[in-house]
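>>> below is the sequence, then the predicted model.
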Amino acid sequence: MSDDHEHCTAQPFEKSEFRTLAQLRYHLFVCADGRDFCGCQANGGPALLAALRQELARRRLAAQVKVTLMQCRQQGATGPVLVVHPEGIWYAGLAAEHAAEFVERQILRGEPMAQYVMREGPRPVTSVPMHLATTG
């Protein structure tokens, strides 16, 4: 009887260099999962996340820049919200069509895109959104 699951056999370990956070130049956090709280999901967060990943891969920058999904918890922000670490720059309102310009300016040249930088910076957040918190 033949083994129908022959393809499930473990393959030999392949030596490869591990990508560690210490080797990264930037870590980008993109809000694409805020649901109704912050509006980032409805304002194109998932599309921005995908466009950034595609642009970084196209330019062969994936080893230097990590992109992570987050929940910004910035109620009322003009989303989607994006945070550039280690600089601590908070962006709001970038769209998928801005991904190539963002990578060129912020990632390659180190120039923030001033028109999208959050003017007042991030607001403090709690673990419970204000609209769910009860008072009294």
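Thanks, I have the structure now.

>>> C-alpha only now, for contacts and for neighbours.
Noted.

>>> below-threshold pLDDT in the chain: ranges please.
By pLDDT under 70, the low-scoring segments of the chain are 1-22, 34-36, 125-136.

>>> could I get the full set of helices for it?
Listed in chain order, the helices found in the chain under DSSP state H are 35-38, 45-58, 99-102.

>>> kindly present the ones you listed as a markdown table, with separate columns for mean neighbour count and distance to Cys72.
Formatted as a markdown table, the entries for these read as follows, by neighbours: other CA atoms under 10 Å; distance: least, CA to CA, whole Å:
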| stretch | mean neighbour count | distance to Cys72 |
| --- | --- | --- |
| helix 35-38 | 16 | 7 |
| helix 45-58 | 19 | 11 |
| helix 99-102 | 18 | 19 |
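
>>> got the ones you listed as TSV, with distance to Ala77 columns?
Supplementary listing: these in TSV, determined by distance: least, CA to CA, whole Å:
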stretch	distance to Ala77
helix 35-38	6
helix 45-58	12
helix 99-102	19
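
>>> figure out which of the ones you listed is closest to Arg73.
helix 35-38 (6.0 Å; CA to CA).

>>> out of the helices of the chain, flag the one nearest Val84.
With distances scored as CA to CA, the stretch of the helices of the chain nearest to Val84 is helix 99-102 (11.0 Å).
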